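[1] attaching a predicted model along with its sequence, questions to come.
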Amino acid sequence: MAVLNDEQVMLRDMAREWADNEQPVTAFRKLRAAAPTEGYDREAWGTIGQMGWAGIVVPEEHGGSAFGYLSLGLVVEQLGRNLVATPLASVGPAATAIAVGSDENAKAEWLPRIAGGEVVATLAVDEGPHHSLENLRTRAEGGRLTGVKAFVAEGDSAALFVVAAADGLYLVAGDEGVTRSPRAMADHRSHAEVRFESAPAMRLGGPELTAAVVDRATAVICAEMLGMAEQAFGVTNDYLKTRVQFGQKLSTFQALQHRMAKQLTELELMRSTVEAALEAIDAGRSDLDQAVSLAKAGAGETLKLVSREMVQLHGGVGMTDEYDAGFYLKRSAVLEAMWGNAAHHRERFARLNGY
């Protein structure tokens, strides 16, 4: 488990309190019913911007706090517990791409607006149904970028895209030459196919920057998955302690105790790998790519286990839309596929270790 400083403890507790008081799962249910184009509550996002969370990984000279990825992960984890729909997990890595990129004008123009929550930026990387950085067909020529990105989180309303092309990362404003086609996904969150047709683009860096930014995006998603898994486990555990069947509480049945113990063990392993990946990013470790793949492989399998057990151990009520279990199961399926599933990252981890 990561050792947190006083600022990180305060940040984590503040995020948890705000999520519990202002954005419980019932808020997501209302959002799903309202179905706003952007896929998130603009008022809640404005509050997040005011609290400074959008600028956690933005350098101080550009209006951020430069608290690092472990701090960002702590916030995303707490929001993930309640399935809070925000673009924060996309904004952080996109801001990093700009901050470490080569275009100084882009930094001055966009980073202060991102840090304040005024602008939503996102990553546009994958061109097919599976995550891959190989054989990207998107091309940039003469300051213009052309290509199609199949699944872009927050693609419905983002004002700024960090786009992966064959020769590296580019920054594209979401107006000229950009066409969005919404995708209906199981988790009811914002996803879109985004088509770039000779869109004006600024180059940020080469393929090595693309890989580095995707690793950071993957680690942040792992933090959301950790929050979801912790909450799903806690809700199921509480249910077993109160639900009576055959004259006994379900928690007294040994078979169910074993299933919960299995989940708890996997959750502890998941936390250690996710926090290690976030710490590796902040420390600039050379093996952070391995740490990220280890975290994503474990996170995908653990969240799948815990979310499915949540549905099954709640019995019939767990299958209904009136109960929250289905929300966790559906979101887990989307996040498992995002930035590569468990099989993808197990293979990558082995390859990075020379196997």
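    Arrived safely.
[2] show residues contacting the worst-scoring helix or strand of the chain on mean pLDDT.
    Of all the helices and strands that make up the chain, the one with the lowest confidence by mean pLDDT, DSSP states H and E is strand 244-245; it has a mean of 88. When contacts are defined by CB atoms under 8 Å, 6 or more residues apart in numbering, strand 244-245 is touched by residues L250. Glycine gets a C-beta too; all of them are placed from N, C-alpha and C.
[3] what about the closest residue in space to M228 that isn't next to it in sequence, distance to F349?
    Nearest in space to M228, with sequence neighbours left out and distances taken as CB to CB, 6 or more residues apart in numbering, is G80 at 4.8 Å. Between G80 and F349 the distance, using CB to CB, to the nearest Å, works out to 23 Å.
[4] which one's more surrounded, those two?
    Applying other CB atoms under 10 Å to G80 and F349 shows that G80 carries more neighbours, namely 27 against 18.
[5] same for the helix or strand that one falls within, what does it pack against?
    Secondary structure here is read from DSSP states H and E; on that basis G80 sits in helix 69-81. When contacts are defined as 3 or more CB pairs under 8 Å, 6 or more residues apart in numbering; DSSP states H and E, helix 69-81 sits against helix 6-22, helix 88-100, helix 207-242, helix 254-283.
[6] do you know which of these lies nearest A299?
    Taking CB to CB as the measure, the helices and strands packed on helix 69-81 were each checked against A299, and helix 207-242 came out nearest at 4.4 Å.
[7] picking that back up, shouldn't the residue nearest to M228 be in contact with A223?
    Yes. Contact status for G80 versus A223: in contact at 7.0 Å, counting by CB atoms under 8 Å.
[8] show the pLDDT at the residue nearest to V125 when sequence neighbours are not counted.
    For V125, ignoring the flanking residues on the chain, the nearest one in space by CB to CB, 6+ apart is A164 at 4.3 Å. Reported pLDDT at A164 in the predicted model: 98.
[9] in a helix, that's where L83 is, yeah?
    No. For L83, which was evaluated using DSSP: H, G, I helix; E, B strand; the rest coil, the result is coil, with no helix membership.
[10] counting neighbours, what do you get for it?
    Applying the criterion other CB under 10 Å, we find 27 residues in the vicinity of L83.
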